[in-house]
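S.K.: Pasting a predicted model and its sequence here:
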Amino acid sequence: MKISSLILTFSLVLACMSCDDKKITIATNPGQGAQTGTSSLKTPFSRMGLLKNWVNNIITPAYLDFKKQLTVLKKAENNFVNTSSEENLVLLQKALLETQKKWQHIAMFEFGKAEELKYRTYMNSYPLDFKTSKDNSEEDDDTIKTNLDEKNLKIDEINFKIEDRADEQGLPAVDYLINGQGTSNKEIIDFYTTNSRSANYKKYLTKVVDRMVNLTNEVVTDWQKNADSIILKTEASDTGSFEKLINDYLNYFEQGFREAKIATPSGKRDGVKFIRAVESFYSSKNSKILFLESYKALKNFYEGNAYSDNSKRGHSIKSYLEFLNQTVWDEDSRRQLNIIELVDEKYKAIDKSVTLLNEDFTEQIKTDNSKMKDTFNALQSYVILTKLNIFQLLNVTVDFVDGDGD
Amino acid sequence: MKRIKKYFYSTYTEAASLAAFRVIFGVLMLWSLIRFVSMGWVEQFYIAPKWHFTYYGFSWVQSLGVYTYGLFAIAMLACVAIIIGFKYRLSMLVFFLTFTYIELIDKTTYLNHYYFISILSFLLCFLPLNATFSWDSYTQNKSYKYIPVWTVDTIKILLSIVYFYAGLAKLNSDWLLRAQPLKIWLSTKTHVPLVGSFMNENWFHYAMSWSGALYDLCIPFLLWNKKTRRLAFVAVVVFHLFTRLLFNIGMFPYIMICACFIFFESSFHVQFLKTISRIGKFNTNYKVDFKEYYHFKRLEINLFIISLFLFIQLFLPFRYLCYPGELFWTEQGFRFSWRVMLIEKVGIVTYTVKDKATGAFFEVDNRDFLTSFQIKQMSFQPDFILEYAHMLGDHFKSQGHKNVQIFAECYVALNGRLSREFINSNVDLYQEKENFNNKTWITPINYEIKGF
């Protein structure tokens, strides 16, 4: 009897203490407080401080800026469709590059609506679809070319919400439409003026841009609506925002960054070069710019640098690691290694291999593919450190597995 | 000799002890199964995966697809029958078989406490848990007051093995001298109420490690000793609830807490049954032929099987001694040994399928074939890595690929060490066979974790 009452009391006490102490430490200068490492109780590192920084200083500003940039793109597109002059084309091409650059800063967040709508897939799936698959009745037989032909389907009736059509729209489609129709801008303009299907080109361009605007509005609205509740989900479990976002980050590093930008075009996975898979293929002179922009976004996220001003640092993965003050034991040198220094070493290795890359990745692959593979190896080395040691130190599970442990 | 004979033939205790254990066991198992189904895990773990990782020698145990739900239904029915004591032996046997079958479908879900339930239910098949307070005793018109004391003791021995061996396994340099993996697991838990502020403290990691080991080693003796029993039980409750608070370990703490009831005096169990009868308003005054002592019909056979079973339990955890190399690294002889919470291990593995003749190759996206849970478990366990290599080889062979070779590039981080190569990436795993021999294609490590 005594024992059962004891159990009861104990479980009641546990139940009462359900919610965590939400200490808010806003990191105006996280270099302090975080760097000392061992848990000085006066300035506790908090997951909420970290989430606040990620949401308020990185993700939300990046989303809003991208949304704004899309209105610029839309306007440029509108002008070009109305007056297909060379001047307007150049403006549109510039707007596209700017959009592509800003896109790199939000691509990694597959959260809420973005995840639900497969935002990244519809916005930036490359290479574009040029394959007809008549043998397979399940897949659509249209390619971006046949779409423009209007033989199979009226452009108005093309349903962009089918995942098979993800690679017939988005940023790569705009790139194809305004950069990929000839070797000179004059030739491109011909497609929008003298070409017998110029109306199709205009219509398709408008449709693609409108689709991006709509998707983005939906995603950004939803993000803003939920931003506060995302900050509050500080728990260290699969429902916690930190776990979700850091998994998004690593997943993007692997799939959107390493695979899509380097591994696939260089043929790392099967030994076959796939030049058309370079990002922004029709303006491939920009491919390295986009790669570097994406790299910067990933680094900012790790270091906690604000989107608007990269020199402003807040709590992030880096300061979390500093706070935990955990080291990695290296059996070879029989030394405790500082994890932050290890990460910096990996970044340095990436930097070193990237500086050797041609601005135009298609050129690089054609002339000296080994440098692409060196970059891949440097990226992979970072992935291994993050996925194994950093995730281990932060006690994060790769992807969500909700079975019991023992 | 005489004393042994006396112990086995004429030392008795209240039949209520086993009956109470039966009711508690049945309820807990029913609860566990319902929880498992309601979490959607049947679908996730047994139906959705294309491929399953099987135990060596048990590859014939296959997922029944959607009928796996049927297995769960049968196991649940068996639980109900166990609770009321209806055709007890058959019910317990059915529970043992269905539960074990489910566990054998996919070793991805292996947990020590599932294994514990499997072997405990095996043991219980041989014990008269229905001697009293059961449907069987009601319908067969006989209820016993006393059962041989050794029947209760076997359960206690099994529980003691679990605890003691778990404690023994903690006597290693990582656990005691580096406070790993607790350091990793606790450090991020600063949001936990009350003790959260200690979680990132070095001394706390060591205190938890040492007290954890001490707890596991001592608790069976403290529970067995009448003088310390009550205090020990409080420790059991506190310990398990604390681990429940910190870790995602499901039903395990509750099962252990309740199982430890068996250590209490039989008067406690009698009282327990009386309370249930009162609450349930059971008529325990039904007319039965009350007998004093329960006698086994074939005592020697039962004793032989149970002794053999316990003997195996005593020695199985030491089979790792047959293998060279570091146990935590190679995991050869790691399972079925009560090595609980000892390692924090993660891996990353990339498979390459190669045509031996042409040299043409391609890498495999593991997500095409496995669930994320399977990928996670596969990435650091050699027997998974080998089995998956064979599944891949067979798959691509059936797709028309010729001269298939399978290579794996794998990195693993163990207990906060820098990750290092785990598998010899020059070995064609498709040519390697699973067996009990030492796996030579595991890259050896240059350090030793000392201890058990």
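M.R.: Sure, I can see it.
S.K.: now the strands for chain A?
M.R.: A:327-330, A:335-338 (DSSP state E).
S.K.: now, of those, which is deepest in the fold?
M.R.: Greatest average neighbour count among those goes to strand A:327-330 (a mean of 18), per mean count of other CB atoms under 10 Å in any protein chain shown. The way it works is simple: take the backbone N, C-alpha and C, and place the C-beta from them, glycine included.
S.K.: Mind checking the pLDDT average for that one?
M.R.: The average pLDDT for strand A:327-330 rounds to 90.
S.K.: Just the C-alphas of that strand, formatted as PDB.
M.R.: Only the C-alpha atoms of strand A:327-330 are listed here, as PDB (Å, rounded to 0.1, in the frame of the first residue of the first chain):
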ATOM      1  CA  THR A 327      35.100  17.100 -27.900                       C
ATOM      2  CA  VAL A 328      35.600  14.300 -30.300                       C
ATOM      3  CA  TRP A 329      38.100  11.700 -29.300                       C
ATOM      4  CA  ASP A 330      40.600  10.800 -32.000                       C
END
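S.K.: Does anything pack onto it? Which helices or strands?
M.R.: Where contact means 3 or more CB pairs under 8 Å, 6 or more residues apart in numbering or on different chains; DSSP states H and E, strand A:327-330 is packed against strand A:335-338, helix A:339-355.
S.K.: elements contacting the longest one?
M.R.: Looking back up the chat, that one is helix A:339-355. If you count contacts as 3+ CB pairs under 8 Å, 6+ apart, helix A:339-355 packs onto helix A:287-303, helix A:317-324, strand A:327-330, helix A:369-384.
S.K.: chain center to it: distance?
M.R.: Centroid separation between helix A:339-355 and its chain, computed with CA atoms, centre = their mean, to the nearest Å, is 20 Å.
S.K.: which stretches of the stretch 1-150 of chain B form strands?
M.R.: B:12-14, B:142-148 (DSSP state E, counting those that start in this stretch).
S.K.: And the closest residue in space to residue B:19 that isn't next to it in sequence, how close does it get to residue B:274?
M.R.: Nearest non-adjacent residue to residue B:19, counting by CB to CB, 6 or more residues apart in numbering or on different chains: residue B:133, 4.1 Å away. With distances taken as CB to CB, to the nearest Å, residue B:133 is found 10 Å from residue B:274.
S.K.: Could you check which of those two has the larger neighbour count?
M.R.: For residue B:133 versus residue B:274, neighbours defined as other CB atoms under 10 Å in any protein chain shown are more numerous around residue B:133 (28 against 13).
S.K.: got the phi/psi numbers for that one?
M.R.: With angles defined as degrees, to the nearest 10, residue B:133 sits at phi 50, psi 50.
S.K.: can you list the strands of the stretch 1-150 of chain B in a markdown table and add distance to residue B:326, mean pLDDT and mean neighbour count?
M.R.: Shown next, in a markdown table, are the strands of the stretch 1-150 of chain B (distance: least, CB to CB, whole Å; pLDDT from 0 to 100; neighbours: other CB atoms under 10 Å in any protein chain shown):
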| stretch | distance to residue B:326 | mean pLDDT | mean neighbour count |
| --- | --- | --- | --- |
| strand B:12-14 | 45 | 94 | 20 |
| strand B:142-148 | 44 | 92 | 20 |
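S.K.: hang on, the earlier thing: deepest-packed of the helices and strands packed on strand A:327-330, please.
M.R.: Highest mean neighbour count of the helices and strands packed on strand A:327-330: helix A:339-355, a mean of 16 (counted as mean count of other CB under 10 Å).
S.K.: nearest to residue A:394, of the helices and strands packed on helix A:339-355?
M.R.: Closest to residue A:394 of the helices and strands packed on helix A:339-355, according to CB to CB: helix A:317-324, at 6.4 Å.
S.K.: ok, the closest residue to residue A:240 other than its chain neighbours - how many residues close by?
M.R.: Spatial nearest neighbour of residue A:240, chain neighbours left out: residue A:233 (5.4 Å); criterion: CB to CB, 6+ apart. Counted with other CB under 10 Å, residues neighbouring residue A:233 total 17.
S.K.: Give me the distance between residue A:233 and chain B.
M.R.: Here residue A:233 is placed at a distance of 12 Å from chain B (CB to the nearest CB, to the nearest Å).
S.K.: That residue reaches residue A:241, doesn't it?
M.R.: Yes. Shown here, residue A:233 and residue A:241 form a contact pair, counting by CB atoms under 8 Å, at 4.3 Å.
S.K.: Name the residue of the stretch 51-200 of chain A that lies nearest to chain B.
M.R.: Relative to chain B, the nearest point of the stretch 51-200 of chain A is residue A:51 (12.2 Å; CB to the nearest CB).
S.K.: give the contact list for that residue.
M.R.: Residue A:51 makes contact with A:230-231, A:233-234, A:241-242, A:245, according to CB atoms under 8 Å, 6 or more residues apart in numbering or on different chains.
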